[in-house]
Structures are given as structure tokens and as C-alpha cells.
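Peer 1: Quick one, what's the 3D model for this:
(one chain, ligands or ions: 5)
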Amino acid sequence: MFEQLKFHQALSFALLIAGLAWLLAREVDCDLPPIRDLSIDSLQEFLSNGSFTSEDIVQTYLARIAEVNPTIRSVIEINPNAIQEARDLDRERQRKGRRSELHGIPILVKDSINTDGMNNSVGSFCLLGSRAKDEASVITRLRAAGAIILGKSNMSQWGNSRSSAKTTSNGWSSVGGQTYGVYCHHQDPCGSSSGSAVSMALGLAAGTVGVETVGSITCPAMRSNLVSIKTTAGLVARDNVIVTKLRGSVGPITKTVKDAAIMLKFMAGQSPDDPLSSRIPFETIPDYAKSCKLNGLAHSRLGVPRNNAENPFAATMNLTVVMESFNRVLDIIKETGATIIDNANYSAYEQVNADDAPQQLLGPSEYKFDMENYFRSLEVNPKNILTMKDLIACTKSLPEKEYPSRDTAYWEFASNAADFESPEMVEAVERMRYLGGPGGIDGALDAAGADALIFPSVCSSDVPGLVGYPVICVPLGFMPEGTAEKRNPRGNLVEEAAGIPFGISFIGRPYSEQKLIELAYSFEKLTQIGLQRKPVVLPSADPCSLVRRRRVLFQMLSGISPWKLFEF
Ligand SMILES: *[C@@H]1O[C@H](CO)[C@@H](O)[C@H](O)[C@H]1NC(C)=O
Ligand SMILES: *[C@@H]1O[C@H](CO)[C@@H](O)[C@H](O)[C@H]1NC(C)=O
Ligand SMILES: *[C@@H]1O[C@H](CO)[C@@H](O)[C@H](O)[C@H]1NC(C)=O
Ligand SMILES: *[C@@H]1O[C@H](CO)[C@@H](O)[C@H](O)[C@H]1NC(C)=O
Ligand SMILES: CC(=O)N[C@H]1CO[C@H](CO)[C@@H](O)[C@@H]1O
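Peer 2: Ligands and ions are numbered 1, 2, ... in the order given. Just a heads-up that it's a prediction; the model follows:
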């Protein structure tokens, strides 16, 4: 009897509380904008005025990842310490103020960048559980600025280097599964920084980091309606990053040019473990966000290397449509007072696509050299992968690697490549420098007296990719209604369909990122093309859900609430 009564009392009390909370939740409005729409600057404003905490936004991003990742698979691993790091940074902000524009800002990084406390697998079970001696210095710099590394993003495994074009698919890795783009169903996300770009499009972090040699940042950024900076090779040190050291680079993928510029300021810098980074010409790294000026295009001179359209890769999109959008924005750019120098062509471009092009010879040799160096540098290497041959054997032995449905064609080729330091390869490097430099970007810029070159991103990664020159991608347009659906060669992804975004590239000389940011920022503000469309899937978790819950609790505890019950 007594027990019964207690139970009824408890039940009534619980119902009363629940009713109260429900009534109050309706009263407490939350005027915070959707987190996906917030720039890094505005996140900082909300963090500073206490509208939410870094812990709140980490929780929000984790909830968003949990909603979409089972189907989209853009995230491969979560930092188990992310919430604790956010709490520590929140406390520090209260006590001492913020460290930088990135204080308490959650960022996802590609799974080819070593990050303490997480795996660096490039999406492969052959490297899962391995550990480098140090984390990448770019990650250490981001953390020192107060950024929270939320997790690792999925990628085309091994930077899309393993298989032949027919058996591979952009964004697939054996550890992370198939990443899908989100501007149509089953969209090809492009690669290999697929997960970084798609995560950014979905609002799963405030900024993301990718890695590129030829197109691996620019292409996925473009196909997710985003901005990216493929930096000058070595401006962001590449130590403990799995990438080619001759011409590979690390850079941000973000919603806006300003966000990318803010991230770059803290990512750029030297490391003794990346010799190329010692060539950075600045005493102190520029504050790239200061280049975000509205009149950047006026008085600028922009060259258009029209013959870059002869790039075979351009066939992945309907170039007629892309060029129409491009020609339209040329007129808009001219109206700002900018000078367009048309046909600022690459003088040696036909050699870039020739059968005996130097990068075809050098690529496999360079790949083998960089990979085997990386394997040897690992402190923990559970599958004991030391050579390309070990890697091929490991891949063939694990069913998750889907061999032979996905082959190892490129690796077989690379494992037999000539020595990277042989005279033949030294000569190939010289030819590449010519094709990218005097016969390419430098030559075109000199002849036109231009500040930068502009061209649709779908064509324009090849020449900068020869020499590690910088490229900024900004949204340019979307495939129109009625576009016929086209699949990738493997047949599992939609490569072309209505709504799929494409971009424009701003290309310059080494270390010209400040100028490129100025131009790209003005272009973005002038055209605002990125705002025209949203992904076809979006997660729903937002800081409001957390903030509402907290305000309800606060009001109840502070005793205002009982009166509200009788007021309506
Ligand atoms: C906090 O800052 C944001 C962004 O500037 C602003 O919209 C919001 O009203 C501010 N909230 C408070 C409580 O001051
Ligand atoms: C790293 O991979 C191992 C499997 O090798 C797994 O047990 C571990 O949880 C992973 N680390 C994180 C942070 O997910
Ligand atoms: C530049 O390339 C375009 C496209 O290939 C071609 O039509 C044009 O004649 C070229 N112009 C010059 C000056 O070489
Ligand atoms: C490309 O788009 C144009 C204009 O919409 C269209 O006329 C043409 O048929 C398309 N080409 C292909 C190969 O789909
Ligand atoms: C963090 C996360 O969601 N990881 C998932 C990545 O994808 C693989 C394969 O689908 C899952 O097993 C992981 O849980």
C-alpha cells in the first residue's frame, strides 16, 4: 500500500515536471541561425557573447554526423577527446579570452594527415592502427590556435592512386565506405578529399582540411559548391602528411573565401621535416583574412588560358554549359573595372596531354618514393608495410579491400617504376617545371601582364599540379534542369545530373595567395553563386535544441516557471 502510494506520487511529480518542461520549451524561443549558415567569424561572435559554447557546437556537429554519416559516409573517425578539448577551450576563453579566430572552432581533417589520438589510414586497413612519430605540424599549428580537431574525413583511399579509372570510385575507402556527394542522390563527390568537402557542404564542421597534388582539393570542393585553397606546395608544411613531396599541398575547404583565408593564416608555416617549406618567403605568415577586400577585382588584370579546355578531364562535365556560365561571369567581372586578357593561353599545353608527358613518367616513380619513405618513417606499422609490393600483397589478402573488383593497377605499375633520383626522372622534373612555369602559368601571366589566371575548375587543375602552384576555387554554377544523368565508369555514382555544382579557379604564381584571396573574395561577394542551392540532404541538429533545453532547465531551477503554468 505504502509502496503504491510512493509510486503514484513519483509518477505525478514526473508528469508535472514533464508538462512544465513542455510548456516552457514552447515559451523559450531560440533565435540562433542554422549552424550550417554560420561563418567562422559569426561563430566567434556567438561564442564570445555566450549564445553557445564550443562544447555546444561540438555536440551539435557530432549529432549532425550521427544523422547523416550512416548513408553519406563523409566522416571516417571521431576524435574521442573532442568534447573534453571543447570544455577546456571554453574555460580558457572565460578566464583569459580567445587565442585566435580559430579558438574553439571544430575542424575535420582528411585521413591522410597524421593527428595525435586518431588513426591515419588513408582509408586503408593496411595502415589502420599505424602511427607516425609525430602528428603533422599543420595539425599542431591548428591546435595551438585553439582549433578543435573534431575527427578525420573519408577520402578516395590512397588518394585515388590504387586502381585503374574503370574500377575505382571517387570517395570510396575500405575503412570508411563510399562517400556520396549531396547535390543529387548518389552523387560522385569527386576526390580524393571527398569527405572533407561533403562534410563541409553538410555543415558537419566549421572548416575542413584537404590534400591535393592534382585536383584532390579543388575538384571535390567544386562538386560540393564550396571554396578551397590549394596552397603553394610547402606554404603549409607537409611533414607527416601522405602526399607527394615534390608538388603536393595541404589546404582548407570551406563555405567562404574569408573562412579559408582565416584557416590558412594558422595552417601556413615551416617545418624542419618538410625541406620545401623552408622556401616560404615571408618573415611572418601574412594575415590572409586582411586580403578579403571588396574592391579586389577593380583594376586587376585577369588572363584566360582558353586552351586549357583541351584537358581530357573536362569530359567529366558538359563543358558547353560550364563555359556559358564562365563567359557570363567574365562580363560581370569586366563591369567592376577589371581587365580580361582573353586567350592568355599556355604556350606548351599540347605537351601536357601528350603520351610522353613528363608527369606520366615521373608520377609512378615519385609515388613509390614518397610512399616507401612514409612507410619507413612509421613508428607503429601493424601490417609491416614497407614497400609497394607489401602494400599490394596486403590489399589482395583483405576481403574488405574488394580486390579484384577494385584492382591494384597503378601500384603494380609504380612498384616497377625507375628510381626517383635517376637522371631520367631528374630530367622529367625539369620538363614539368617548364610546362607548368614558362610554358604554362608564368609564361601566360608574363605575356598578359596579368595578376592571375581564371578558368573553370573542371579543366584547370592539371597545369598547377605539375609545379605545385596555388589555386583558389569559388562556386560558379550548377548543372541545369534537364541535364541527362551520367554515371562514373564503375557505374555506382552519378557524375553528371541537374543540380551538380561547378567552380571557377583563380590561379597564380607561388606564394601569391594574398592576391588570389583578394580576387576570389571580391568575385564571391559580387556573384554570390554559392548561395543559390542547398544540398538535397541536410541533417537537422542545431545549437537551438541544446540551448532550448538549457534555458528550460535554468528557468525551472530559478523558480520563475511555476507562475508561467497559470499564465496562459
Ligand atoms: C551574439 O552575437 C550574435 C552575432 O553577432 C548576435 O546575432 C546575437 O544577437 C548576440 N546575442 C546576444 C545575446 O548578445
Ligand atoms: C583506430 O583504429 C583502431 C583499429 O585499429 C580502433 O580500435 C580505434 O578505435 C581507432 N581510433 C579511433 C580514435 O577511432
Ligand atoms: C587560345 O586557345 C584557344 C582554344 O584552344 C584558341 O581558339 C585560340 O586561338 C588560342 N589563342 C591564341 C592567341 O593562341
Ligand atoms: C550539353 O549541354 C548543351 C546545352 O544544354 C546541350 O545542348 C548538349 O546536348 C549537352 N551535351 C551533352 C554531351 O550532353
Ligand atoms: C565515425 C563513423 O561514423 N565511422 C564510420 C565510417 O564508416 C564505416 C563504414 O561504413 C563505419 O564502420 C564507421 O563506423
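Peer 1: Leaving out the residues flanking it, which one is nearest to Thr208?
Peer 2: In this structure, Thr208 finds its nearest non-sequential neighbour in Ser196, 3.8 Å apart by Cβ to Cβ, 6 or more residues apart in numbering. Every residue, glycine included, has its C-beta placed from N, CA and C.
Peer 1: Tell me which helix or strand that neighbour sits in.
Peer 2: helix 194-202 (DSSP states H and E).
Peer 1: average pLDDT for that helix?
Peer 2: Here helix 194-202 scores 98 as its mean pLDDT.
Peer 1: Does ligand 5 have contacts with that helix?
Peer 2: No. Using Cβ under 6 Å from any ligand atom, we find that helix 194-202 stays clear of ligand 5, coming within 9.4 Å at best.
Peer 1: What is that helix packed up against?
Peer 2: helix 54-72, strand 75-78, strand 106-110, strand 148-153, strand 207-212, helix 218-223, strand 249-254 (3 or more Cβ pairs under 8 Å, 6 or more residues apart in numbering; DSSP states H and E).
Peer 1: and if we set it to 6 Å?
Peer 2: strand 148-153, strand 207-212, helix 218-223, strand 249-254 (3 or more Cβ pairs under 6 Å, 6 or more residues apart in numbering; DSSP states H and E).
Peer 1: List of residues touching the last one?
Peer 2: Outside of strand 249-254, the residues that reach it under the criterion Cβ atoms under 6 Å, 6 or more residues apart in numbering are 138, 196-197, 200, 207-212, 217, 221, 226-231, 233, 236, 238, 241, 260, 263-264.
Peer 1: Got a quick PyMOL command for the buried subset of the residues you listed?
Peer 2: Restricted to buried positions by 16 or more other Cβ atoms under 10 Å, the PyMOL selection for the contacts of strand 249-254 reads:
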select buried, resi 138+196+197+200+207+208+209+210+211+212+217+221+226+227+228+229+230+231+233+236+238+241+260+263+264
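Peer 1: Would you check that the residue nearest to Thr208 makes contact with Lys110?
Peer 2: Yes. Counting by Cβ atoms under 6 Å, Lys110 is a contact partner of Ser196 at 5.3 Å.
Peer 1: Overlap in contacts, the two.
Peer 2: By Cβ under 6 Å, 6+ apart, the residues touching both Ser196 and Lys110 are Ser153, Gly210.
Peer 1: Flag every residue of the protein that's near ligand 4.
Peer 2: So the chain meets ligand 4 at Asn318, Thr320, Val321, Ala484 (Cβ under 6 Å from any ligand atom).
Peer 1: ok, of those, which come out buried?
Peer 2: Buried among these by 16+ other Cβ under 10 Å: Asn318, Val321.
Peer 1: Grab the two from the residues of the chain next to ligand 4 that are most spread out in space.
Peer 2: Greatest spatial distance among the residues of the chain next to ligand 4 (Cβ to Cβ): Thr320 and Ala484, at 12.7 Å.
Peer 1: can you map out the helices along the stretch 201-350 of the chain?
Peer 2: 218-223, 257-267, 319-335, 349-352 (DSSP state H, counting those that start in this stretch).
Peer 1: Next, find the distance separating the closest residue to ligand 1 within the stretch 201-350 of the chain from ligand 2.
Peer 2: Here the stretch 201-350 of the chain gets closest to ligand 1 at one residue, Ala206, 14.7 Å apart by Cβ to the nearest ligand atom. Computed with Cβ to the nearest ligand atom, to the nearest Å, the distance linking Ala206 and ligand 2 is 20 Å.
Peer 1: Tyr403 - nearest residue in space that isn't next to it in sequence?
Peer 2: Lys396 (5.0 Å).
Peer 1: got it, and Ile242?
Peer 2: Ser112 (4.1 Å).
Peer 1: Please apply the same query to Asn69.
Peer 2: Val75 (5.2 Å).
Peer 1: Thought Arg64 was touching the one you found, still the case?
Peer 2: No. Val75 lies out of contact with Arg64 (Cβ under 6 Å); the separation is 9.9 Å.
Peer 1: Which one of these two is surrounded by more residues?
Peer 2: Val75 (29 against 23; other Cβ atoms under 10 Å).
Peer 1: Quick check: which ranges of the protein have low pLDDT?
Peer 2: 1-5, 7, 18-28, 559-568 (pLDDT under 70).
Peer 1: Would you check how far apart the closest residue to ligand 1 within the stretch 401-550 of the chain and Arg64 are?
Peer 2: Ligand 1 sits closest to Val547 of the stretch 401-550 of the chain, with a gap of 10.7 Å, by Cβ to the nearest ligand atom. Computed as Cβ to Cβ, to the nearest Å, the Val547 to Arg64 distance reads 15 Å.
Peer 1: Quick one: neighbours of Gly440, just the number.
Peer 2: Gly440: 30 neighbours (other Cβ under 10 Å).
Peer 1: does it really touch Ser347, like I thought?
Peer 2: No. Gly440 is beyond contact range of Ser347, at 7.8 Å (criterion: Cβ under 6 Å).
Peer 1: For Met388, which residues are in contact?
Peer 2: Lys368, Trp411, Ala414, Ser415.
Peer 1: Which of those residues fall in helices?
Peer 2: Members of the contacts of Met388 lying in helices (criterion: DSSP state H): Lys368, Trp411, Ala414, Ser415.
Peer 1: Need those residues in CSV (columns: distance to Ala289 and neighbour count).
Peer 2: Shown next, in CSV, are those (distance: Cβ to Cβ, whole Å; neighbours: other Cβ atoms under 10 Å):
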residue, distance to Ala289, neighbour count
Lys368, 39, 22
Trp411, 41, 22
Ala414, 40, 23
Ser415, 44, 19
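Peer 1: Kindly reformat those as TSV containing distance to Ser192.
Peer 2: Output for the ones in helices among the contacts of Met388, formatted as TSV (distance: Cβ to Cβ, whole Å):
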residue	distance to Ser192
Lys368	18
Trp411	15
Ala414	16
Ser415	20
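Peer 1: Mind picking the two most distant members of those residues?
Peer 2: Farthest pair in the ones in helices among the contacts of Met388, by Cβ to Cβ: Lys368 and Trp411, 8.7 Å.
Peer 1: Next one: the residue lying closest to Tyr349 once chain neighbours are set aside from ligand 5, what distance?
Peer 2: Nearest residue to Tyr349, sequence neighbours excluded (Cβ to Cβ, 6+ apart): Asn307, at 5.1 Å. For Asn307, the distance to ligand 5 (Cβ to the nearest ligand atom) stands at 42 Å.
Peer 1: returning to that earlier point: the residue nearest to Tyr403: neighbour count?
Peer 2: 12.
Peer 1: Also Ala132?
Peer 2: 20.
Peer 1: Also Ile341?
Peer 2: For Ile341, using other Cβ under 10 Å, the count is 17.
Peer 1: Would you confirm that it contacts Ala447?
Peer 2: No. The criterion here is Cβ under 6 Å, and Ile341 misses it with Ala447 at 8.5 Å.
Peer 1: The residue nearest to Tyr349 touches Ala348, doesn't it?
Peer 2: No. If you go by Cβ under 6 Å, Asn307 and Ala348 don't touch, sitting 10.3 Å apart.
Peer 1: Now for those two: what residues contact both?
Peer 2: Listed contacts common to Asn307 and Ala348 are nil; contacts here mean Cβ under 6 Å, 6+ apart.
Peer 1: Show me what stretch 255-269 is in contact with.
Peer 2: With Cβ under 6 Å, 6+ apart, stretch 255-269 has contacts from 39-40, 101-102, 138, 141-142, 145, 207, 227, 229, 235-236, 252, 254, 285, 287-289, 292, 517, 520-521, 524.
Peer 1: what's the closest non-adjacent residue to Pro464?
Peer 2: Pro464 sits nearest to Val471 (Cβ to Cβ, 6+ apart), 5.0 Å away.
Peer 1: Quick check: beta-bridge partners of that neighbour?
Peer 2: Lys230, Ile507 (DSSP bridges).
Peer 1: does Glu513 really touch Val471, like I thought?
Peer 2: No. Taking contacts as Cβ under 6 Å, Glu513 lies outside contact range of Val471: 10.0 Å.
Peer 1: out of the two, which sits in the busier spot?
Peer 2: Val471 (32 against 26).
Peer 1: Right, I'll call it a day here.
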